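Colleague: what follows is a predicted structure for the sequence shown.
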Amino acid sequence: MQPESQNATNGPKSQLEWGQINFLHTTDTHGWLEGHLKEQNYGADWGDYVSFVKGMRRKSKELGVDLLVVDTGDLHDGAGLSDATSPNGAVSNVIFEKLDYDLLTIGNHELYVSEIAYETFSQFSKFYGDRYLTSNVQIYNPSTSAFEYIGQRYRYFKTEHGIRIMSFGVLFDFTGNSNVSKITKGADMVKEQWFLDAVNYHKPIDMFLLIGHNPVRPTGKAGDTGTFATVYSAIRKARPDVPIQGFGGHTHIRDFFVYDNKATALESGRYCETLGWVAIDGLSCGPKSPKDVPHPSREAKIISNITLPHSNTSSSLRYARRYLDWNRLTFAYHASGSQAHTVRPLDTQAGKSVTADITTERTKLNLTSLYGCAPQTWCQTCAPFMSAGNIFSLLSTALSTVVVNSTRATTPRIIIINTGSIRFDLAKGPFTYDDSFIVSPFADAFQFIPDVPYAQAKQVLGILNAGAFQKRSTPAPPERGFETRDFAFQPYILLDGDTCVDPPTTSPSLHKRSGRTIRRSTPSPGYTTTDDFGSDGDDTMHARIPFYAQPNDLQANASFPADGTEPETVDVVFLDFIQSYVIDALNKVGGTYAAADVSYYLPKTFTTNSYLPVFAKQMWQAHVPDCPVGAGIGS
Ligand SMILES: Nc1ccn([C@@H]2O[C@H](COP(=O)(O)O)[C@@H](O)[C@H]2O)c(=O)n1
Ligand SMILES: [Zn+2]
Ligand SMILES: [Zn+2]
């Protein structure tokens, strides 16, 4: 938890619009429940969010409207709190569960590892009961010897104010799951009898809620694994006029897509940086539109040139969408009424106790244990691939230095990793046990094929990088839904004693309200989103950060001949996660390799999470500015 007063240069631009029904949406939290300790703009923790939701539920009650809180999956792989335990999520899921979600669904990160999939089935899914939707995801249950849905296929329910909702939770066409689960492709699921029956339910449906770990924007290209358009189309064909509201995820971006004049979908970023907000008015049922607050005013108009079935009748629905930055200033401003006359404290007992739990668990897990002090910041996408500030230039050195099998140390080797194994920027200053998960969380191990003719080996990287959608790394900026985020760990400028949570003005630089004065500097770098409603969705205005697309894979070389000549043969070292792609690539250029030719280059316990700590301990022990003086170096 970071104090809201420290974040006064940027803040919410105005009150949220409230409609008859309203939604808060998280997705791809990936274990970031401690918040961003190095970026104050995303510095709230899960306890702050618990308090915020409480405040928003109270506000919705006072306004006499509905508020639903939704999450769309990917709970692990990205921070120490979720990944330093075995299995991942043993601690973080319990903290996550402090939030009384109305609807949730599963992400692909709940399905890579069988143990985690079973934990999700037996614990997480049971905790949320009929609110956990997995319309197309089943798991093998050894005690019944049958595949069973991990959660519910659908949920029909009535909101507090009487809106009758049919909801589904649909995972994209994911194929990287372990063999204990089964994912039904979206195109097949929509033909299943249970789905058709649910769409044509025997009781009235006022709104469909389509949640899913699934991008909201169809690419329109062959091989699109996103299936929201397929499910939307199936519902729309059967129910031409019923509103459909979607909440998606997986591509880690802020986005809002209009399917037709009664159907839209929101995607709310990643890593507890973004909290999504949607408000809808104009429903012919449910509560009255609330008084004394701004209302949703936008009609949904199709922007995309992708042809999908659409409603042919006019619509009375009006929408608002907003992307909130995940910090206490934002939470206090929107939930506790600081923009109105009554200012209430943000914190609740429950929220404070969650914050305390997070602190205790972080200590128990030793997450602040220090490996070394990074001399600079390296980012994923703010600088061109392999340039000085780009993380892959650092990793290329780190891989060459520490990924070495002592029995083959003098044998030339190429080391290939998928850039998607890197999940976040590496910040200047302390590089801790926690940071090792933040930057590279996976337990992917290094395998190799020995003595491959270099003539073949040197072509592998090009083939992988030219390959269609080999493994997603950083999402390429789409035509819309493109955003950037704050990488620079910018300090926020404060005035002495400034504790105000008033909204900022864009100009002039001095803002006067309630007798308090705040100096506003230029916006800090952060998300600058454009979606189907335009460029006004970000709750806090930021300066744009450059974005450079990165290739699928990175190659590092080591022990090559000192005279610059090409070796005859090399060891081809790669992550087990991309084994099949590397074998296919080698076989495309004359190789005849199979999985039987592959063995572990280093012990299986030396993973993508291991090499940076080893490198940091070797290279970053000297004191650099910004590192805590006297902090112990972790082992
Ligand atoms: N063992 C793993 C698992 C996943 N990845 C990378 O993560 C990407 C998926 O992440 P999302 O949050 O977008 O679902 C996947 O495409 C891989 O790049 C990995 O490297 N190792
Ligand atoms: Zn994700
Ligand atoms: Zn995902």
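Modeller: Cool, the structure landed. Ligands and ions are numbered 1, 2, ... in the order given.
Colleague: let me see the contact set for R413.
Modeller: R413 is in contact with F448, N557, A558, S559, V570, D571, V572, V573, counting by CB atoms under 8 Å, 6 or more residues apart in numbering. C-beta coordinates here come from the backbone N, C-alpha and C atoms, glycine included.
Colleague: pLDDT wise, what is the last one at?
Modeller: By that I understand V573. Note on V573: pLDDT of 98.
Colleague: how about the strands of the stretch 501-635 of the chain, start to end?
Modeller: Secondary structure of the stretch 501-635 of the chain (DSSP state E, counting those that start in this stretch): strands located at 510-513, 516-519, 553-558, 569-575, 599-600.
Colleague: mean pLDDT lowest for which of those strands?
Modeller: Mean pLDDT across these is lowest at strand 510-513; the value there is a mean of 27.
Colleague: which residue ranges of the stretch 101-250 of the chain form strands?
Modeller: Using DSSP E, counting those that start in this stretch, strands in the stretch 101-250 of the chain cover 103-105, 132-133, 137-141, 146-149, 154-158, 164-169, 181-183, 207-211, 244-248.
Colleague: elements contacting the longest one?
Modeller: Using 3 or more CB pairs under 8 Å, 6 or more residues apart in numbering; DSSP states H and E as the contact test, the elements touching strand 164-169 are strand 103-105, strand 132-133, strand 154-158, helix 193-199, strand 207-211.
Colleague: out of these, flag the one nearest ligand 2.
Modeller: Closest to ligand 2 of the helices and strands packed on strand 164-169 is strand 103-105 (CB to the ion; 12.7 Å).
Colleague: can I see the domain layout of this structure?
Modeller: 21-363, 368-470+548-620 (the TED database).
Colleague: distance to ligand 1 added to the ones you listed, as TSV?
Modeller: TSV is the format used below for those (distance: least, CB to the nearest ligand atom, whole Å):
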stretch	distance to ligand 1
domain 21-363	5
domain 368-470+548-620	2
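Colleague: longest helix in this structure, by residue count?
Modeller: Across the chain, the longest stretch assigned as helix under DSSP state H is helix 46-63.
Colleague: thinking again about what came up before, turn the helices and strands packed on strand 164-169 into JSON lines, including mean neighbour count and mean pLDDT.
Modeller: Output for those, formatted as JSON lines (neighbours: other CB atoms under 10 Å; pLDDT from 0 to 100):
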{"stretch": "strand 103-105", "mean neighbour count": "28", "mean pLDDT": "98"}
{"stretch": "strand 132-133", "mean neighbour count": "27", "mean pLDDT": "99"}
{"stretch": "strand 154-158", "mean neighbour count": "17", "mean pLDDT": "98"}
{"stretch": "helix 193-199", "mean neighbour count": "15", "mean pLDDT": "98"}
{"stretch": "strand 207-211", "mean neighbour count": "25", "mean pLDDT": "98"}
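Colleague: distance to T184 for these - can I get that in a markdown table?
Modeller: Output for the helices and strands packed on strand 164-169, formatted as a markdown table (distance: least, CB to CB, whole Å):
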| stretch | distance to T184 |
| --- | --- |
| strand 103-105 | 14 |
| strand 132-133 | 14 |
| strand 154-158 | 14 |
| helix 193-199 | 10 |
| strand 207-211 | 15 |
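Colleague: which of those sits closest to T397?
Modeller: When the helices and strands packed on strand 164-169 are ranked by distance to T397, counting by CB to CB, first place goes to strand 103-105 at 40.1 Å.
Colleague: rewinding a little: can you say which of the domains of the chain is packed in most?
Modeller: Mean neighbour count, computed with mean count of other CB atoms under 10 Å, is highest for domain 21-363 among the domains of the chain, reaching a mean of 21.
Colleague: stretch 166-180 - what's its average pLDDT?
Modeller: When pLDDT is averaged over stretch 166-180, the result is 98.
Colleague: and it, how far out from the chain's middle?
Modeller: The chain centre lies 16 Å from the centre of stretch 166-180; the measure is CA atoms, centre = their mean, to the nearest Å.
Colleague: contacting residues for the closest residue to T27 other than its chain neighbours?
Modeller: Nearest residue to T27 in three dimensions, chain neighbours excluded: G249, at 3.3 Å (CB to CB, 6 or more residues apart in numbering). For G249, the contacting residues are T27, D28, T72, G73, D74, G107, G212, H213, N214, P215, E267, S268, by CB under 8 Å, 6+ apart.
Colleague: okay, those in a markdown table with distance to S233 next?
Modeller: A markdown table is the format used below for the contacts of G249 (distance: CB to CB, whole Å):
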| residue | distance to S233 |
| --- | --- |
| T27 | 22 |
| D28 | 25 |
| T72 | 20 |
| G73 | 22 |
| D74 | 25 |
| G107 | 23 |
| G212 | 14 |
| H213 | 19 |
| N214 | 14 |
| P215 | 15 |
| E267 | 19 |
| S268 | 23 |
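Colleague: check those against ligand 3, which are close?
Modeller: D74, G107 (CB under 5 Å from the ion).
Colleague: what average pLDDT does stretch 42-49 get?
Modeller: 98.
Colleague: run the chain-centre distance for it.
Modeller: Averaging C-alpha positions (CA atoms, centre = their mean) puts stretch 42-49 15 Å from its chain's average.
Colleague: what's in contact with that stretch?
Modeller: Outside stretch 42-49, the residues that touch it by CB under 8 Å, 6+ apart are 1-2, 6-7, 33-37, 52, 95-96, 98-99, 271-273, 275, 325-328, 330-331, 346-347, 351-358, 486.
Colleague: same thing but 6 Å
Modeller: Residues outside stretch 42-49 that contact it (CB atoms under 6 Å, 6 or more residues apart in numbering): 1-2, 33-36, 95, 273, 326-328, 331, 351, 354-355, 358.
Colleague: need the next SSE after the helix or strand V452 falls within, C-terminal direction.
Modeller: Secondary-structure assignment from DSSP states H and E places V452 in strand 446-453. The helix or strand immediately downstream of strand 446-453 is helix 454-457, counting by DSSP H and E.
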